[in-house]
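>>> Generate coordinates for the sequence data below:
(chains A, B and C)
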Amino acid sequence: MTIAEAPAPPPEAIDEGPIVEAEAATPEFERAAEKAESRRGFLIALPAYAYLVLFFAIPLVIVAIYSFGTRNRFGDTELSGWNLDAYRKLTEPLLRDIFLRSLWLAILTTLICLVVAYPFAYFLATRTPTIRNVMLVFVMIPFWSNFLVRNFAWRVILGTDGPLSTATSAVGLGDTRILFTPTAVVLGLVYGYLPFMILPLYAAIERIDLGLVEASRDLYASGWQTFRRVLLPLSMPGVIAGSILVFIPSLGAYVTPEILGGAKSTLLGSYIVTQFLTARNWPVGASLSFTLTVIMLFATILYFRKGGRTL
Amino acid sequence: MGTTVTDTAETETPVSDDRSGESAVGIRGITKRFGDVVAVDNISLDIANGEFFALLGPSGCGKTTTLRMIAGLEFPTEGSLTIFGQEVGTLPPNKRPVNTVFQNYALFPHLDINDNVGFGLKMKKVKKQEIASRVDEALAMVRLTHMGKRRPTQLSGGQQQRIALARALVNRPKVLLLDEPLGALDLKLRQEMQSELKSLQRELGITFVFVTHDQEEALTMSDRIAVMDRGQLLQVDPPEAIYERPANRFVADFIGQTNLLEGTVQDATTVCLLNGARIPLDSGLAAGTQVAVILRPERATIEPRDEATTGRSSVEGVIRSITYLGNAIVYRVGLDWMELDVREENRPDSHRLDVGEDVVVSWDDRAVAVVSE
Amino acid sequence: MSESTARPRGKTKWLLSTNAVLVYLFFYAPIILLFVFSFSDNRNVGTWGGFTLGWYRDFADNEPIQDAIWVSLRVAFITTVVSVVLGTMAALALERFKFRGQRVFDALLYLPIIIPDVTMAVMMLLFFSQGLDIVNELFGTQAGKGLTTITLSHIAFCISFVSVVVRARLNGMDERLEEAALDLYATRWKTFRHVTLPLIAPGVAGGALLALTLSLDDVVITQFAAGPGSTTLPVYVFGLIRRGVTPLINAVSVVMLAVSILLVLLSLLLQRRGDKETAPVDPGVKAA
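A predicted model of the protein is given here:
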């Protein structure tokens, strides 16, 4: 490689401007620059941060405070004289029943969703990209449509003079009386939250290298064995994510039980609302809400600890 | 290339008055620390005006960090960085008369080629007409004149690279930085681009500083190479000096293929190898210093032991393996205490040797170098 | 992939596809039935009695419903605008900067997503009761719960959802592009305006549609944050449903359904187009 014979011409004059004075670098300058950057980030976060502290964190604290209050004769809350009465009330049989009932329904809903969604997600993941996209769009549509309306639809269908009843009568099975039973509630919850199970499952299964499934088959595993030993463990993050996404809203559900469950078997959501609207026992309502929140927080932290990805 | 200065352009680019004698880039005692890790350790060098300069080294050696400090994408922890005499180390990148061609080109996907190339000019508030003419000029320079309305995704890798180049050069920077510019291209394209870049630089006379881990590329294109390892500057020299007279083991080993024959300095004229052989070499080092003799595979000759020419420095061994490269044959020869490679051009009259044959490897004493570290 | 043993075949395939079909049927049958019965000329919603548009006419004439729609729209609009701005800023702060208290902020941002809406409703109720008392005492006003409190509550949970969507987009964006902009003399703000914002625009739009949908859909939180005289459509319809199922509700439901489906399709369309325009440029890929 020959070195250049003549010195190269100096670069042409560029858009000249005022000379800027700068200094040599020092660790102090580096630190100051980092601090300035940090401050900029904080300021950009500030509006949302402040808003959430004011309209979310503080309300949450207020709920906690109220949960230690007492209900006086008039239905108002006395905040002086903190006590754990509201929490003690939670251990009473009535509330234990409500809690267990809600827990049971939430678990049932989650399991049903899991059983229905997994095959669906697997099927979806093994389609060609074009079909996959179309199928996903058609899952998204009901998913995004108005929640209230979807519950209402079932209310109509399950009614004693609804289409389901008409259909079963025609076949000679008599009227259907599913409405206002726990079955109806579970049905409504599954209907509402099934997409929450399908999407994370699909995402997790899609990420699995399906070459592993092929390898498993190659090594003489049956379909069931392949599922149990290869697919299931590898898609576990999706299973956990979906389960949490279904379980949490199901536990605290309000709209669905109100519309489809009727007054017969009260669930957590309805009970909390009644404390505030009719029974006027705010401390108990607060303590229940707070406990519910802590449980859900716990479940979510567990999920993240298990290496779950962001929702 | 026009020489008019637009007086409507607003910039605060620092300017030095005397440009002919100053180094384009002056680096003095630059250190960069990330927490406890020292990425760049107190390096100093000067890059001359109009030079095609390479920063070469393995990954993690600090070459990219150094380039980023010149660009302004990192601030040095300590030290002084000047461009034509003007201190810029603590200035943000948008205030430096320097432009960068990024490794993955970083073309803006949401803009067409014209807007991509003209981006810097637009930021400096150059007039629309002037932007248009300068963009056309730049596109012509990289021979992509009719691509203006296309999108980056519609271009091939080689074309994207040239657009990235145009986007940087259109601003007439004082120094152009290139971060592993040819890494993503296939061999043929890479070789084409190497000569294109070289001739472009000659034509424009702008200082080019580029980072690479490919030593062949560095040897081919640069006027001078700075070899770095683990944050330290090991040697700054023209390619020939780097190859023929490496400053230490690392440089010798990193550039090209090499055999390192360990030994000690016996006296002013001799080096004694591990096997006892005495090599006539003026190492210029004190007696007793541990050294390595650098023998490039292509500088060694291999002959069957019974036909060996005498009178040259040599070692004896057995052929362990033979690699056929098409244009050359590489023999791996096992000596008592090490193995070395000999590269012979594949000529019809070359010896045809076999694995297991006893051979003598010899060389001309003027064709080797000695390093101590 | 077509010959892969991972792709279900034979009996398994039959089982899986049947399951898929049933799931889709499950999803769409109620919606379709609702749609059909909204044209049924029968006091009883679930029975067919001849075609009519009467219920839709009732819907258009019903004043409380029209008022509620208007309230919903106003709340949703303001909520969307504010939560998109705040949510995008939050996303930027978390993805592009490091500052003290960042992890707390991150956790705080996730809470509204996790929390059940009953709890959030309770929070808003208690907060506004207390807050309004204090404000009224301090300023001698008579403020009560209403549109403002509803909007404030909606923004509180929408910010988080917007930020999740925008963060995903920011994450997927090549930061080198921002460095390239700075290298080309752009200021930080100009970099944001000319490079970052266009590239995250699909995410921002997605977040906006999400906020819009969430606000239009919400029942419980709104119910607790609302005051006398101001109610949104979902809350009003909820009240109607609890009193009994009528064909009018059916018609309203179908309209609500149509709107939300439209919004979904719109968001999918925008997302598809946005992804095309802003797809990252891969230097290793040769042009077709």
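
>>> Can you identify the element that follows the strand or helix carrying residue C:64 toward the C-terminus?
Here residue C:64 sits within helix C:63-96, counting by DSSP states H and E. Note on helix C:63-96: by DSSP H and E, the next helix or strand toward the C-terminus is helix C:102-114.

>>> ok so, going back, list the buried residues of the helix holding residue C:64.
Judged by neighbour count using 16 or more other CB atoms under 10 Å in any protein chain shown, the buried positions of helix C:63-96 are C:65, C:67-69, C:71-72, C:75-76, C:78-80, C:82-84, C:86-96. Glycine gets a C-beta too; all of them are placed from N, C-alpha and C.

>>> the helices in chain B, which residues?
According to DSSP state H, chain B carries its helices in the segments B:63-71, B:113-117, B:119-123, B:128-141, B:157-169, B:187-204, B:215-221, B:239-244, B:249-254.

>>> rewinding a little: average pLDDT for the helix holding residue C:64?
Per-region confidence: helix C:63-96 scores 94 on mean pLDDT.

>>> what sits up against stretch B:170-177?
A:11-12, A:14, B:1, B:24-25, B:47, B:67, B:70-71, B:83-84, B:97-101, B:117-118, B:120-121, B:124, B:134-135, B:137-138, B:168-169, B:206-211, C:184-185 (CB atoms under 8 Å, 6 or more residues apart in numbering or on different chains).

>>> Any of those residues buried? List them.
Among the contacts of stretch B:170-177, those that count as buried by neighbour count (16+ other CB under 10 Å) are A:11, A:14, B:24-25, B:47, B:67, B:70-71, B:83-84, B:97-101, B:117-118, B:120-121, B:124, B:134-135, B:137-138, B:168-169, B:206-211, C:184-185.

>>> where do the strands sit along the stretch 51-200 of chain A?
Shown for the stretch 51-200 of chain A, the strands assigned by DSSP state E, counting those that start in this stretch span residues A:70-71, A:77-78.

>>> on contacts alone, who are the packing partners of the first one?
When you say that, I think you mean strand A:70-71. Here strand A:70-71 touches strand A:77-78, helix A:282-305, going by 3 or more CB pairs under 8 Å, 6 or more residues apart in numbering or on different chains; DSSP states H and E.

>>> from those, which stretch is densest packed?
Of all these, helix A:282-305 carries the top mean neighbour count, a mean of 20, counting by mean count of other CB atoms under 10 Å in any protein chain shown.

>>> quick one: pLDDT of the residue nearest to the spatial centre of chain A?
Chain A has residue A:245 as the residue nearest its centroid, 3.7 Å off, counting by CA atoms, centre = their mean. pLDDT for residue A:245: 85.

>>> Surely it touches residue A:203?
No. In this structure residue A:245 lies outside contact range of residue A:203 using CB atoms under 8 Å: 11.6 Å.

>>> between the helices and strands packed on strand A:70-71, which has the poorest average model confidence?
strand A:77-78 (a mean of 68).

>>> can you count the residues close to the closest residue to chain C within the stretch 251-373 of chain B?
Here the stretch 251-373 of chain B gets closest to chain C at one residue, residue B:254, 26.1 Å apart by CB to the nearest CB. Neighbourhood size, residue B:254 [other CB atoms under 10 Å in any protein chain shown]: 21.

>>> Contact partners for it?
Residues near residue B:254 by CB under 8 Å, 6+ apart: B:56-58, B:215, B:227, B:229.

>>> where does it sit relative to chain A, distance-wise?
18 Å (CB to the nearest CB, to the nearest Å).
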